[in-house]
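Enquirer: Provided below for reference: sequence and predicted model.
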Amino acid sequence: MPTISIITPLYNKAPYIAATIHSVLAQTYSNWELWIVDNGSIDSSWEIAQQLPDPRIHLLRASKQGPGAARNYGLSYAQGEWIQFLDADDLLEPNHLSQQLQAAQQDPDADIIACCWQEFIDENPTVKKLKQPAGMGRSPQELRDAVIAFAPWAVHAAIIKHSSLVPDCYWPEQLDCYLGEDIAFWFKLVTSCRVTYGTSQGALYRTQTAECRSQISNPEKWFEGVHAAITHNQQVLQQAKTDYTSAQCENLMRVYVELYRSACHQQAKEVAEVARLHAEAWLREYFRVVRKPKLSMVARRLVGIKPFLKY
């Protein structure tokens, strides 16, 4: 039985899928399986994946389209103790799996091992920017307060204990038509799982590709996606009959401020106005639940949120 199952949704990634597979084949840790789940590709992605045979590589075709649906389909076949999600245009450095599993051995009670990752622009892959996962060096509650509004790390910068991925924590397929679906996926897991941090920096995240779903250059789509994921997270709290913490309200205010600034930069005035209204609503909610407000939040309440929205 493999120690780790890698699940890769594949949709029109012909220029990248071979490099992604080769980065898995190059791992210094060899007890893995790779499930590549084609998601309706109309380019040569499927044919390219078939040209790289290895008994540890398995190819599937999902019956439903969408990255969440493809990942969930892969999960139904995965046999590993740990799950590693890896998008079809991203890469893993050779020691990534071994370092992540070493961190898992050092903390046997951990359900999620998160780590730093490196981002690079597709047109300039030699220049990489190191990114740190949310919650590193902070309390578990600070991480849980952040994930209601923000994805805590790149999708392949964490491995998840398979036993923690019960169907209720699968990818929310109803969000597949939006961007930012990982905000909703990680929220449920992080709020119920033990997270520890590994030393790997070997998750390489490619940005600004032609088919990239996480582009923020379209403020309408980016707002719709983030807002849909946040709404999903709100529903999770409502079902659990759990009230917001003041830190959750502050983070929700801040994410809508970011959406406002992005929309203003793109001169999307209607999106900016809606984002501003949501930011103000979360500021009000913050003062409904807080016991000892931060001075910065008091200032926002006194003078209004608009002076803080400049970009």
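Expert: Perfect, thanks for sending it.
Enquirer: what about the residue nearest the centre of the chain, which helix or strand?
Expert: What sits nearest the mean C-alpha location of the chain, by C-alpha atoms, centre = their mean, is residue 182, with 3.9 Å. Mapping residue 182 onto the secondary structure by DSSP states H and E places it in helix 181-192.
Enquirer: again with residue 49
Expert: helix 45-50.
Enquirer: buried ones in that helix?
Expert: Of the residues in helix 45-50, those buried by neighbour count under the rule 16 or more other C-beta atoms under 10 Å are 45-46, 48-49. No exception for glycine: its C-beta is placed from N, CA and C like everyone else's.
Enquirer: with stretch 189-209 instead?
Expert: Across stretch 189-209, burial judged by 16+ other C-beta under 10 Å covers 189-191, 193, 195-198, 200-206, 209.
Enquirer: do stretch 105-118 as well
Expert: By neighbour count with 16+ other C-beta under 10 Å, stretch 105-118 contains the buried residues 110-118.
Enquirer: strands - which of those residues land there?
Expert: Of those, the ones assigned to strands by DSSP state E are 112-114, 117-118.
Enquirer: I'd like these laid out as JSON lines, including pLDDT and distance to residue 304.
Expert: Output for these, formatted as JSON lines (pLDDT from 0 to 100; distance: C-beta to C-beta, whole Å):
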{"residue": "112", "pLDDT": "98", "distance to residue 304": "39"}
{"residue": "113", "pLDDT": "98", "distance to residue 304": "43"}
{"residue": "114", "pLDDT": "98", "distance to residue 304": "37"}
{"residue": "117", "pLDDT": "98", "distance to residue 304": "37"}
{"residue": "118", "pLDDT": "97", "distance to residue 304": "39"}
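Enquirer: ok, of those residues, which one's closest to residue 33?
Expert: Among those, residue 113 lies closest to residue 33 (C-beta to C-beta), at 18.1 Å.
Enquirer: was I right about the closest one contacting residue 100?
Expert: Yes: between residue 113 and residue 100 there is a contact at 5.1 Å, judged by C-beta atoms under 8 Å.
Enquirer: mutual contacts of those two, please.
Expert: 82, 159, 198 (C-beta atoms under 8 Å, 6 or more residues apart in numbering).
Enquirer: kind regards, and thank you for your time.
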